[in-house]
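# After the sequence you'll find the predicted model.
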Amino acid sequence: MQRALFPKDGLPKHLRDDFDIFWAAYPPRQPNPRALAEVAYARAVREGLKPDDLARAAARYSDEVRAQKIEPAFVVHAATFLRQRRFLDYLTSDAPAPEAAPRQVDEAHPLRAVTRGRISDADFIAWIAKLEIAVWEKGQRAVLTAPTAFHRDWVRNYLSVELRAWMQVRVLEIHIRHRQPQAEGAAP
């Protein structure tokens, strides 16, 4: 028996208002199939996630998209955001507020020297400046950290080959940067 791509009544009636709040908070993207997002949303709630948490994660993702001036074509489909559990990146209570994109290129950034003239200032600011170097062994490997899974994935998909060549390494790893937990009793 074949399953329907869009199940009938994929979103139970009792979740419709909550989903509308999530949908309104989610950053704009075209196309962004609502029916698939409704099914993924219902599944997430059925698995124990709270609608308020999903709406808060959507709003934080939207703030990040706006702050980093991410083009709508690069915004993740809402269904993918839910199915791949990307919302978890935006649920941590200590998640930093999105930083406003810097207007000037940080010439002191360790990757600026190898990218100068090879990438526009706008792309450097948007994608490279937010990377941190954990390991850089020329001729061998480099390990970079990115602020979010989306940022990591974008750099992997669109800049990893170039970065490997520019950094003169055979292996390039890009991980998500995690905030260090604070010691008990420490000031935030």
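Yep, it's here. Only a predicted model underlies this, so the values are computations on that prediction, with no experimental measurement involved.
# how distant is stretch 32-41 from the center of its chain?
19 Å (CA atoms, centre = their mean, to the nearest Å).
# what comes up buried for that stretch?
32, 34, 36-41 (16 or more other CB atoms under 10 Å). (Glycine included, C-beta is placed from N, CA and C.)
# next one: stretch 48-56
49, 51, 53-56.
# same check, this time on stretch 71-90
Within stretch 71-90, the residues scored as buried using 16+ other CB under 10 Å are 75-79, 81-83, 86-87, 89-90.
# Give me the distance from it to the chain's centre.
7 Å.
# CA atoms only: put it into PDB for me.
C-alpha atoms of stretch 71-90 as PDB (Å, rounded to 0.1, in the frame of the first residue of the first chain):
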ATOM      1  CA  GLU A  71      18.800  35.200   1.500                       C
ATOM      2  CA  PRO A  72      15.300  33.600   1.600                       C
ATOM      3  CA  ALA A  73      16.500  30.900  -0.900                       C
ATOM      4  CA  PHE A  74      19.000  29.700   1.800                       C
ATOM      5  CA  VAL A  75      16.400  29.500   4.600                       C
ATOM      6  CA  VAL A  76      15.700  25.900   5.500                       C
ATOM      7  CA  HIS A  77      12.300  24.500   4.700                       C
ATOM      8  CA  ALA A  78      10.200  24.500   7.800                       C
ATOM      9  CA  ALA A  79       9.500  20.700   7.400                       C
ATOM     10  CA  THR A  80      13.300  20.100   7.200                       C
ATOM     11  CA  PHE A  81      13.900  22.300  10.300                       C
ATOM     12  CA  LEU A  82      11.500  20.100  12.200                       C
ATOM     13  CA  ARG A  83      12.300  16.600  10.700                       C
ATOM     14  CA  GLN A  84      16.100  17.100  11.100                       C
ATOM     15  CA  ARG A  85      15.500  18.500  14.600                       C
ATOM     16  CA  ARG A  86      17.500  21.600  13.700                       C
ATOM     17  CA  PHE A  87      15.300  23.500  16.200                       C
ATOM     18  CA  LEU A  88      17.400  22.000  18.900                       C
ATOM     19  CA  ASP A  89      20.200  24.500  17.900                       C
ATOM     20  CA  TYR A  90      17.800  27.300  18.900                       C
END
